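Q: Sequence and predicted structure are below.
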Amino acid sequence: MEGLRLVKRSTALGVVLLAVIILLFIGRLVGFPVAIIIVSGRSMEPTLRVGDIVVGVKEPFKVGDIVIWCAGPTYCVVHRVVELRDSIVVTKGDNNPAPDPPVPESLVKYRVIAVVRSYEWLPAVLIVLGLYAYLKRDYFRRRKVVPGDVASLILVSFIVFNAAVALLAPAYYSMEAGSLAVPRVTLRHATLSGDGSVVITLNVYNTRLVNVTQCHVSIYGSSKRYECEARVTRHSSIVVSGVPRTLLEHMIEEGVGPLVISVKATILFGKLVGTYYVYPPWRRPTVSVLRNGTVVIANPNPAPLKINVTTYVSNKPGLANVAFEERVLAPHGVLKLDLSKYRYAYVRVEYVFQGKRVVEQLKVRG
């Protein structure tokens, strides 16, 4: 009798837990304070991946937060807020080249506070189901459950699961244009040029860029913004200059980023408000030795980099003269050390690159 009561209690507990999970999943359909959504797209990679579960709560949000906004009961988007202005919210998928259409702040239902990875919850569910089947094996045996019944149950569960994912997973909301030629601007690419300027190349449809009225630059995750200069070229590109060199120096040394460019521009038949992310292709400096005993240190990046150079020189075996020097390699700068007059020469170059300390030691002569 005691065993039967234990089975009944565990079954009741399982039913309660299942009911709670179902209520959380349908939370956004009925406006619950908490909701759970399964990620079905790749627009937020690598932050969110297909199959991950996100937990959202009804609370205030800010730029940089991941939110859930819904244009209907089954049309929801899980993206990051990139701009807030006059009760209008602009979101963007981390893996998308362009932001979403602006939506009213009232459509934002939840702020994402937690993520359960697919590789965490799927194995746990399988383990629980396997353990449940093992503990109830005598019950199934008495009920004469045959493989055909199990296969039917799996098929029904698969259909129900796919229907639930189709209903509860976020869907991409789109604005359909009618027969009018609606102006549209999307991002093609944003790159950091060799002179430290940013070139934003756009796909422009049914309009053209006229001029830039406002420009700000910052590092993603930082609240400090700097004004920048920007101009329109060829009616489809924006060249941003005046990016602080100290900002680029911080990015190359600490490995932070990306660079965030926010612009407001006038276009034919409208206005453009855009936020663009730039991922500079940073490369490590090169240290080489020429045959004549000259050390060449070259910075291939459009940003300055601090380096420490230590030389060990001598004209005979034994003690060497040691010289230490702190230098700043200019953008695309080259530093040459002439050690040809020494019989024995070594050089040690130290710098911080992408958050890591790098040390290079080379034998020059001897």
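A: Perfect, I can see it now.
Q: Would you mind pulling up the elements that the helix or strand in which S262 is found packs against?
A: Per DSSP states H and E: S262 is located in strand 259-267. In terms of contacts (3 or more C-beta pairs under 8 Å, 6 or more residues apart in numbering; DSSP states H and E), strand 259-267 is packed against strand 184-192, strand 198-205, strand 209-219, strand 229-233, strand 237-241, helix 245-254, strand 270-278. From N, CA and C alone the C-beta is placed, and that goes for glycine too.
Q: 10 Å instead?
A: Contact analysis of strand 259-267 by 3 or more C-beta pairs under 10 Å, 6 or more residues apart in numbering; DSSP states H and E lists strand 75-85, strand 184-192, strand 198-205, strand 209-219, strand 229-233, strand 237-241, helix 245-254, strand 270-278 as its packing neighbours.
Q: Flag the shaky bits of the stretch 1-150 of the chain, pLDDT-wise.
A: Within the stretch 1-150 of the chain, the stretches with pLDDT under 70 are 1-31, 72-74, 128-129, 132-134, 136-150.
Q: next one: the stretch 151-300 of the chain
A: Residues of the stretch 151-300 of the chain meeting the criterion pLDDT under 70: 151-181.
Q: returning to what we had before: so what strands line up beside the strand holding S262?
A: On the basis of DSSP bridges, the sheet neighbours of strand 259-267 come out as strand 209-219 (antiparallel), strand 270-278 (antiparallel).
Q: can you list those strands in CSV and add mean neighbour count?
A: Below are the strands paired with strand 259-267 laid out as CSV (neighbours: other C-beta atoms under 10 Å):
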stretch, mean neighbour count
strand 209-219, 17
strand 270-278, 17
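Q: To V334, which of those lies closest?
A: V334 sits nearest to strand 270-278 of all those, at 25.2 Å, using C-beta to C-beta.
Q: helix or strand right after that closest one?
A: strand 286-289.
Q: got the CA coordinates for that following strand in CSV?
A: Extracted in CSV, the C-alpha atoms of strand 286-289 (Å, rounded to 0.1, in the frame of the first residue of the first chain):
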residue,chain,number,x,y,z
THR,A,286,55.0,41.4,-36.9
VAL,A,287,58.5,41.2,-35.6
SER,A,288,61.2,40.3,-38.1
VAL,A,289,65.0,40.5,-38.3
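Q: The following helix or strand past that strand pairs with which strands, and in what direction?
A: Downstream of strand 286-289, the first helix or strand assigned by DSSP H and E is strand 294-298. If you go by DSSP bridges, strand 294-298 pairs up with strand 286-289 (antiparallel), strand 334-338 (antiparallel).
Q: Same list (those strands) but as JSON lines, adding distance to L209 and mean neighbour count.
A: Shown next, in JSON lines, are the strands paired with strand 294-298 (distance: least, C-beta to C-beta, whole Å; neighbours: other C-beta atoms under 10 Å):
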{"stretch": "strand 286-289", "distance to L209": "38", "mean neighbour count": "15"}
{"stretch": "strand 334-338", "distance to L209": "37", "mean neighbour count": "15"}
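Q: now the ones you listed in a markdown table, with distance to S241?
A: Shown next, in a markdown table, are those (distance: least, C-beta to C-beta, whole Å):
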| stretch | distance to S241 |
| --- | --- |
| strand 286-289 | 27 |
| strand 334-338 | 24 |
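Q: follow-up on the earlier one: relative to H79, which of the strands paired with strand 259-267 is closest?
A: The closest of the strands paired with strand 259-267 to H79 is strand 270-278. By C-beta to C-beta, the value is 12.4 Å.
Q: relative to strand 75-85, how tilted is that closest one?
A: Angle of strand 270-278 versus strand 75-85, following axes from the mean of the first three to the mean of the last three C-alpha atoms, to 10 degrees, is 100 degrees.
Q: Report the inter-axis angle for strand 270-278 versus helix 245-254.
A: Using the same axes, to 10 degrees, strand 270-278 lies at 40 degrees relative to helix 245-254.
Q: before we move on, the earlier item: now the helices and strands packed on strand 259-267 in TSV, with distance to V55?
A: TSV is the format used below for the helices and strands packed on strand 259-267 (distance: least, C-beta to C-beta, whole Å):
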stretch	distance to V55
strand 75-85	11
strand 184-192	30
strand 198-205	35
strand 209-219	28
strand 229-233	39
strand 237-241	37
helix 245-254	31
strand 270-278	26
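Q: Which of these sits closest to I297?
A: Closest among the helices and strands packed on strand 259-267, using C-beta to C-beta: helix 245-254, at 15.1 Å.
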